[in-house]
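A.B. asks: my questions concern the predicted model and sequence given below.
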Amino acid sequence: MIRLDSLIKSLEFTQPSAQADARTRTTAETRYSSSRALRPSTVRTDGSEGNSATHLTPHGPKSVGFGSVELLQGKSMNNYFESDVSMAPSSPRQGSFRNGDRHNTIEEDDEEEDDEEDQLRSKPLIENGPTSLAKSNLSSMESGLSHGTNRQSHASSKNSSNLPDEDTMMGKFIRAWRKWEVALLESEQYAFYRRTVDDSRNQILVVAFGLALVYGSILYVIQGVLGTVLPAIRFYNLIHVIVAFQGKLVLGVGWKLSHLVQKGFAALEISNHKRGAPMTSLAQVDPKACRLIIRIFKFTMFAVELSLWALSFSMDWEPEDTYLGTFACNALTFSKPFNFTNELQTWVGANSEFALLGVYGLPLTSGIVGGNCATPTRAPSTQFEMKGPAIIYLVNTVCVNATVSPGPPSNQTMSKITTSQYLGSMYTFTVQLTFPAGLHSWTQYNSHDLIQSCQINVVTGTGKMRFGYSADDWLSSGSIVASSINEINIGDGIVITNDNSNSFDFGMIHYALDTTEETYMNITKWIAQGVYTLLDNDNLVPIVTRIATAVGIIGHYVMDQNDGNSQTVCDYNGTAGYGKIAAPTWMVTVAIIVLICSAVIAVAVVFSWLLIVGGGPHIDKCVQMIDDPLRTLYYMRNSAEHLVTKIRGNDIGRISLQQHLNKVMIRFGEDKKTRGSDVGTIIVDEPSKVVKITKKRKMA
């Protein structure tokens, strides 16, 4: 070991020869040229020799080895050389590894190498002989070590710059988020959530509940929406979309339920059977235990989808009258005398056409009931209804059988009022009708006149009527025209419509009219006058073939002569875009039956899983394995090599691969080797190497 000061002192008093100078210069140049190849410098941490440096002696350059790590820890070169320096011969490969020890290697980048190369070139190779060369080498080593220290500091600052600043708002937020995330994943609530979600029983019950909701929504659309009045036709389009979507939901949710049930039965077969199950059961989940009921369930799902498609095609939109509001209307008031002109017969004949009969009355068992109500003052839509106060007339006709006229045949239809009686609000009269030969339907006496007597009772009263109106711009110069009588309300409980009018008789309605607060006696008298004007005539208009209808037309003619000066309030109804979705009854019935059958099969599928499989930790883990190929590979980490053998030949098609793996029997459970340990190991292996997982057994 030698000291640095004695080394330099000895070099200063040494007088090298020219050959020594040349040899020294050659050594320095060689050292400079090979510095890049020998750049990585290795420092031994065990105190042994590491990199060697050239040490110049009076006899020539030698290698000096540095065996301490203190040089890399920031000590100066002078302090370093004050310590022990072991002398070692120069090695052709500086920084080589010795005895297989680990070294801390510091690699310099190209930029630092170029800087050091420039420094070496800028300095003379030999200053004052060997003394200057030694100083140059020592300063170069110190500069290289300082570069390494600066490089480490730069790398540390560069890595730290990639991290978020802890003092910034984002850094605090990220730290708080990570802390919350770790706390959440380690909490009991998250553990409970994972146990709940991974439980196969819970999965099946949740999916079954979702399927029940889909079935319930379909039943609601069929029973609750079809036939219900909707505000606009856009709901018709919406129902079409909903029905189509419900069919897809049945297929999707039902398919998910069947797959979960199949995985449960497959897990039961793989884990509980001692002989195991074929390896193909991991890829083709179709166990025999539930194959039949699953196929029936899938068939019913497709049947529901087809029935919904057929129902959607058969649905139709029907406009519906609905309440539009309460508006003003003209009440029936009579202040001026009636005027029966000579045109009464023509008017009655012209207004007795079949298309207008519905305006004057609704048919009863023996007669008609009709009247006239307040007239509308505005038209809320082109087709609407109005319900308001009205004057009701009730006409009853009772005729005896016709007899043959004893006189010669005539060519005229005659009517004659034989008796008449006025009793308050009711007017009763008898009319004798003569039908000429050839104009009646009694073919046996086709060449003779027929005589028939009829008694007519006319009653008037008050009530409410709902008329239908048309308000087309081109019709009657834009006026509002009544189209039909849609409803008559008399008293408290009598509602007469087009559908039920034939079920009412004269006595029931007469009693209800008598209970009204106001009777129009004058209206009855005026109708009686019209009857005399029309029916007590030797030349009756032949088109009038029904006496009750003729009297109703007369009554309507009388009421049309109201003043119309008084206004009241009426209820208006109309379509205004409202309507209902209608479908054939048989199609609705078929859809409901198919839906009920599918729901029953779904319940049977769920109960079969609950009774046979039942769930449990080992079933849950096996189901997770079937559903996750990566988990399957993990459980087969020690058995796949000897379980899966090579197929003979080069054919590895799907069918041949399935046939090959179908012969490999596997079982899911606990490794027999860990049966005696506190914690068991889950594996997939040959059935002889696996045992069933017991309850409350800790597994890894």
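C.D. replies: Received the coordinates, thanks.
A.B. asks: please name the residues that touch Met636.
C.D. replies: For Met636, the contact set (C-beta atoms under 8 Å, 6 or more residues apart in numbering) comprises Leu643, Ile683, Val684, Asp685. C-beta here means a position set from N, CA and C on the backbone, and glycine is covered the same way.
A.B. asks: next one: the residue nearest to the last one when sequence neighbours are not counted from Ile682, what distance?
C.D. replies: The spatially closest residue to Asp685, leaving aside those adjacent along the chain, is Ser639, at 4.0 Å (C-beta to C-beta, 6 or more residues apart in numbering). When distances are taken as C-beta to C-beta, to the nearest Å, Ser639 and Ile682 turn out to be 12 Å apart.
A.B. asks: count of neighbours near Ala482?
C.D. replies: Ala482: 18 surrounding residues under other C-beta atoms under 10 Å.
A.B. asks: next structured bit after the helix or strand encompassing it?
C.D. replies: Using DSSP states H and E, Ala482 sits within strand 481-490. Downstream of strand 481-490, the first helix or strand assigned by DSSP H and E is strand 494-497.
A.B. asks: more neighbours, Ser639 and Ile682?
C.D. replies: Each of Ser639 and Ile682 has its neighbours counted (other C-beta under 10 Å); Ile682 has more, 20 against 17.
A.B. asks: ok, now which ones touch the more buried one?
C.D. replies: Residues near Ile682 by C-beta under 8 Å, 6+ apart: Lys621, Tyr635, Phe668, Gly669, Glu670, Asp671, Ile693, Met699, Ala700.
A.B. asks: how about those residues, which pair is most distant?
C.D. replies: Greatest spatial distance among these (C-beta to C-beta): Phe668 and Ala700, at 14.7 Å.
A.B. asks: between the two, who's got more neighbours?
C.D. replies: More crowded of Phe668 and Ala700, by other C-beta under 10 Å: Phe668, with 29 against 8.
A.B. asks: mind listing residues that contact the helix or strand where that one lies?
C.D. replies: Phe668 belongs to strand 665-671 when assigned by DSSP H and E. For strand 665-671, the external contacting residues (C-beta under 8 Å, 6+ apart) are 267, 270-271, 273-279, 282, 618, 621-622, 625, 635, 639, 643, 680-687, 689-694, 697, 699.
A.B. asks: same check, this time on stretch 191-204
C.D. replies: Taking C-beta under 8 Å, 6+ apart as the rule, stretch 191-204 contacts 257, 260-261, 263-264, 267, 606, 609-610, 614-615, 619-620, 623-624.
A.B. asks: may I see the buried residues of that stretch?
C.D. replies: For stretch 191-204, a neighbour-count test (16 or more other C-beta atoms under 10 Å) marks Asp199, Ser200, Arg201, Gln203, Ile204 as buried.
A.B. asks: was I right to think Gln432 contacts Lys416?
C.D. replies: Yes: under the contact definition of C-beta atoms under 8 Å, Gln432 touches Lys416, with a separation of 4.8 Å.
A.B. asks: quickly run through the sheet partners of the lengthiest strand in the chain, with directions.
C.D. replies: Longest strand in the chain by number of residues (criterion: DSSP state E): strand 450-470. Paired neighbours of strand 450-470 in the sheet (DSSP bridges): strand 383-399 (antiparallel), strand 403-404 (antiparallel), strand 426-435 (antiparallel), strand 481-490 (antiparallel).
A.B. asks: quick check: what element follows the shortest one along the chain?
C.D. replies: Tracing the chain C-terminally past strand 403-404 and defining elements by DSSP H and E, one meets strand 414-423 next.
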